[in-house]
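Trainee: Okay, predicted coordinates and the sequence, questions at the end:
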Amino acid sequence: MALGLAGAGSGLGNQFVQDELPLILKNGTIHTLSHPAAFFSTPYWHDPFPPALYRPLATSGLALQWSAGRGTPAVYRWVSVGLLIAVAIALFQLGALILPVPAAWAAAALFVVHPVHVEATAPAVNQGELVVALLVCLATTLYLRGRAGSGSEPIDTRLAAALVLLYAASVLFKESGLVLPGLLLAAEATIVADPRPLRARLAALRPLYLALGLTAALFLALRTAVLGGDAIGSSTADALAGSTFAGRSLTMLGVVPHWTRLLLWPAHLRADYGPNELTAAAGWGLAQWAGMGLVAAWAAAILWSERRRHRVLAFALLWVGVALVPVSNVLLPTGVLLAERTLFLASAGVALLAGWLVSLAQSTASSRSLRVVERAAFAAVAVLLALGILRNRSRFPVWHDQGALLRQTVLDSPRSYTAHLALSRFLEDSGTAMAAQAHYRQAVAEWPVLVDQEIALADRYRLEGLCAPAVRHYRRVVMMRPGDMVLRASFVTCLLHLGRYREARAAAEPGVTDPRVGTYLRQAVRVSDSVLARAEPPGAAPRDSTVQPMAR
């Protein structure tokens, strides 16, 4: 607990940031507990956003915390830190079944201060990562205890029921919980000692895994029904758009070195790994060679550990691989190419690997040098703990507020257009127009198709009568294409609709001589002058003139 508070405690005063703004602060669904059924009948992302993801227990948790703290961020921060510590305790209990207690403690201690956990812990919308890891550790511990106690007997009914319930809860918090059967199979293949022939062993395990499979199928069916038939329910990362299975595999091989660095030495952290920081692979290059080498080394280490009967090592390595399957983008593309929060569960396997190294140092030392080796091993652990705490304490304040996060993100990921675009929008809302324009231009420089994407989005909003969001997009693209008078006319249409006549006049005036839309823009100027001359309040409708809607 002390280690967790020492590292993550620096974020307890943070405000709402990033996805917390739409999903917590502005999400009326979680501001009341009067309609709990709504948490299970609506997507995680819903109006005014397209329906995406299905996490009813995560939504329920956010609602309970809103009620408990009356909407203050502090409750969310304490719950997140508490969950982080709880996962570390659950990992210690799991580790103590397969490692000496000192090694299990080292694994849990290194886990709780791992800097890659900052993104999973800092914003409350990522609590699903923490809860899934907690439930998975508890389920794996129960499984190993049950299999050790039963020997060659069938799976106990009460144990099977507990595992099914934990599995159902985990997938209702976040889809990554679907990997639990894979982790149990990894434990079965490496840790569990069962002398029966393989066929008899599989027959005894079949009812449990069929029940887990049925639970997964029911969850996917419910998820598909709520999301309106969308089996995936998530957007595809820009770098993976249009990619085939082979293309995604090639791209993700280039991501493997980033995974490895973040799991083993997370000195540099980012909140955004979007384009062009990570790009789709155009062919086989150095990153693919590095990724292939790491995957081959991982597979070879598993085979070696099995031959040498290093069961815990094999289990830890398999844990990492299974935990990364949902975010590998190979079988199904997801909305992110890489995000630090998605490595939370995999890092538990890395922690178990560290615990195994500590136990190996103890077991291989001679009796004369044992004390020296133990001291060296725990001195190394102490150094890593200190480094982890320091990195946590420097990283959590980055998430203090939206401005601090976005400004640091463009420094961490200068080539990401999404980072510059987000900061541009924040500065625009804060009234810092010049700085907003500079970052928007940088976003366009990194992602030229952004202008066309924003025009299409603005037009869609306008045609649906949603001029308020349309104006935000039109303003940016008019700045980039000042000579496009048809675009300018669409912008003016929405400004008039909103009753913002002074802005409409200023936007219309440069195009009054245009042969295509000049007549329309001159009319817009006259109407604006008429309203402004009467000094009527913003939003007042003109009495003597009207402007015909501009169709793009």
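Mentor: Received the coordinates, thanks. Numbers count the residues shown, from 1 in each chain.
Trainee: Low-confidence stretches in the stretch 301-450 of the chain?
Mentor: Low-confidence segments of the stretch 301-450 of the chain (pLDDT under 70): 365-370.
Trainee: er, the chain actually
Mentor: Applying pLDDT under 70 to the chain picks out residues 149-153, 229-234, 365-370, 535-552.
Trainee: Could you chop it up by domain?
Mentor: Per the record, the chain has its domains at 2-395, 402-446, 457-533, by automatic domain parsing.
Trainee: Need those in JSON lines (columns: mean neighbour count).
Mentor: The C-beta positions use only the backbone N, C-alpha and C, and glycine is treated the same way. Below are these laid out as JSON lines (neighbours: other C-beta atoms under 10 Å):
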{"stretch": "domain 2-395", "mean neighbour count": "18"}
{"stretch": "domain 402-446", "mean neighbour count": "19"}
{"stretch": "domain 457-533", "mean neighbour count": "19"}
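Trainee: Grab the nearest non-local neighbour of N276.
Mentor: With sequence-adjacent residues excluded and distances taken as C-beta to C-beta, 6 or more residues apart in numbering, N276 is closest to R415, at 4.5 Å.
Trainee: V320 now?
Mentor: Spatial nearest neighbour of V320, chain neighbours left out: G349 (3.8 Å); criterion: C-beta to C-beta, 6+ apart.
Trainee: That neighbour is in what secondary structure piece?
Mentor: helix 344-364 (DSSP states H and E).
Trainee: How about M479?
Mentor: Counting by DSSP H and E, the element that carries M479 is helix 467-480.
Trainee: same for that helix, what does it pack against?
Mentor: Where contact means 3 or more C-beta pairs under 8 Å, 6 or more residues apart in numbering; DSSP states H and E, helix 467-480 is packed against helix 417-429, helix 433-446, helix 450-463, helix 485-497.
Trainee: Convert the C-alpha atoms of the last one to CSV, please.
Mentor: Presented in CSV, the C-alpha positions along helix 485-497 are these (Å, rounded to 0.1, in the frame of the first residue of the first chain):
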residue,chain,number,x,y,z
MET,A,485,-15.9,30.6,-51.2
VAL,A,486,-18.4,27.7,-51.3
LEU,A,487,-16.8,26.5,-48.0
ARG,A,488,-17.0,30.0,-46.6
ALA,A,489,-20.7,30.2,-47.6
SER,A,490,-21.4,27.0,-45.7
PHE,A,491,-19.7,28.5,-42.7
VAL,A,492,-21.8,31.7,-43.0
THR,A,493,-25.0,29.6,-43.2
CYS,A,494,-24.4,28.1,-39.8
LEU,A,495,-23.3,31.4,-38.2
LEU,A,496,-26.6,33.0,-39.4
HIS,A,497,-28.6,30.0,-38.1
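Trainee: Distance from it to the middle of the chain?
Mentor: 36 Å (C-alpha atoms, centre = their mean, to the nearest Å).
Trainee: could you point out which element follows it?
Mentor: Once the chain leaves helix 485-497, the next helix or strand it forms, by DSSP H and E, is helix 501-508.
Trainee: who's in contact with that next one?
Mentor: Outside helix 501-508, the residues that touch it by C-beta atoms under 8 Å, 6 or more residues apart in numbering are 478, 488-489, 491-492, 495-496, 521-522, 524-525, 527-529, 531-532, 538.
Trainee: for it, the distance to its chain's centre please.
Mentor: That offset, for helix 501-508, works out to 41 Å (C-alpha atoms, centre = their mean).
Trainee: now swap in stretch 64-78 and tell me
Mentor: On C-alpha atoms, centre = their mean, the centre of stretch 64-78 falls 21 Å from that of its chain.
Trainee: Over to stretch 249-259?
Mentor: Averaging C-alpha positions (C-alpha atoms, centre = their mean) puts stretch 249-259 17 Å from its chain's average.
Trainee: now what about it, what contacts it?
Mentor: Contacts of stretch 249-259 (C-beta under 8 Å, 6+ apart): 239-240, 243, 273, 278-281, 283-285, 287-288, 290-292, 294-295, 324, 328-330, 337-338, 343, 346.
Trainee: you'd agree G4 is up against L83?
Mentor: No - between G4 and L83 there is no contact under C-beta atoms under 8 Å: 9.8 Å.
Trainee: my read: the residue nearest to V320 touches L313, true?
Mentor: No - checked against C-beta under 8 Å, the pair G349 and L313 is beyond contact range at 10.5 Å.
Trainee: Packing partners of the longest helix along the chain?
Mentor: Taking DSSP state H as the criterion, the chain has its longest helix at helix 198-226. Applying 3+ C-beta pairs under 8 Å, 6+ apart, we find helix 198-226 packed against helix 157-173, helix 180-190.
Trainee: could you give the angle of the shortest one to helix 344-364?
Mentor: This points to helix 180-190. 20 degrees (axes from the mean of the first three to the mean of the last three C-alpha atoms, to 10 degrees).
Trainee: And for helix 180-190, what's in contact with it?
Mentor: 135-136, 139-140, 143-144, 147, 163, 166-167, 170, 194, 205, 209, 212-213, 216, 306, 311-312, 314-315, 318-319, 322-323, 325.
Trainee: at 6 Å instead, please
Mentor: Defining contact as C-beta atoms under 6 Å, 6 or more residues apart in numbering, one finds that helix 180-190 is touched by 136, 139-140, 143-144, 167, 212, 311, 314-315, 318, 322.
Trainee: Over to the longest one?
Mentor: When contacts are taken as C-beta under 6 Å, 6+ apart, the neighbours of helix 157-173 outside the stretch itself are 56-58, 128, 131-132, 135, 139, 142, 146, 177-178, 180, 208, 211-212, 215, 219.
Trainee: I85 and L134, how far apart?
Mentor: Counting by C-beta to C-beta, to the nearest Å, the separation of I85 from L134 is 10 Å.
Trainee: For L5, which non-adjacent residue is spatially closest?
Mentor: V81 is the one closest to L5 (C-beta to C-beta, 6+ apart), at 6.8 Å.
Trainee: how far off helix 344-364 does the strand or helix carrying that neighbour point, in degrees?
Mentor: Using DSSP H and E, the element containing V81 is helix 73-98. Angle of helix 73-98 versus helix 344-364, following the same axes, to 10 degrees, is 40 degrees.
Trainee: What helices and strands are in contact with helix 73-98?
Mentor: Counting by 3 or more C-beta pairs under 6 Å, 6 or more residues apart in numbering; DSSP states H and E, the packing neighbours recorded for helix 73-98 are helix 2-8, helix 56-69, helix 101-112, helix 127-150.
Trainee: Could you export the helix holding G349 as PDB, CA atoms only?
Mentor: Presented in PDB, the C-alpha positions along helix 344-364 are these (Å, rounded to 0.1, in the frame of the first residue of the first chain):
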ATOM      1  CA  PHE A 344      -1.600  -3.100 -17.700                       C
ATOM      2  CA  LEU A 345      -2.500  -6.800 -17.700                       C
ATOM      3  CA  ALA A 346       0.500  -7.900 -19.600                       C
ATOM      4  CA  SER A 347       2.800  -6.100 -17.100                       C
ATOM      5  CA  ALA A 348       1.500  -8.500 -14.400                       C
ATOM      6  CA  GLY A 349       3.300 -11.300 -16.400                       C
ATOM      7  CA  VAL A 350       6.400  -9.200 -16.600                       C
ATOM      8  CA  ALA A 351       6.200  -8.800 -12.800                       C
ATOM      9  CA  LEU A 352       6.000 -12.500 -12.300                       C
ATOM     10  CA  LEU A 353       9.000 -12.900 -14.600                       C
ATOM     11  CA  ALA A 354      10.900 -10.500 -12.300                       C
ATOM     12  CA  GLY A 355       9.800 -12.500  -9.300                       C
ATOM     13  CA  TRP A 356      11.100 -15.700 -11.000                       C
ATOM     14  CA  LEU A 357      14.500 -14.000 -11.600                       C
ATOM     15  CA  VAL A 358      14.700 -13.200  -7.900                       C
ATOM     16  CA  SER A 359      13.900 -16.800  -7.000                       C
ATOM     17  CA  LEU A 360      16.400 -18.100  -9.500                       C
ATOM     18  CA  ALA A 361      19.100 -16.000  -8.000                       C
ATOM     19  CA  GLN A 362      18.300 -17.500  -4.600                       C
ATOM     20  CA  SER A 363      18.000 -21.100  -5.700                       C
ATOM     21  CA  THR A 364      21.200 -21.200  -7.800                       C
END
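Trainee: All good on my end, thank you.
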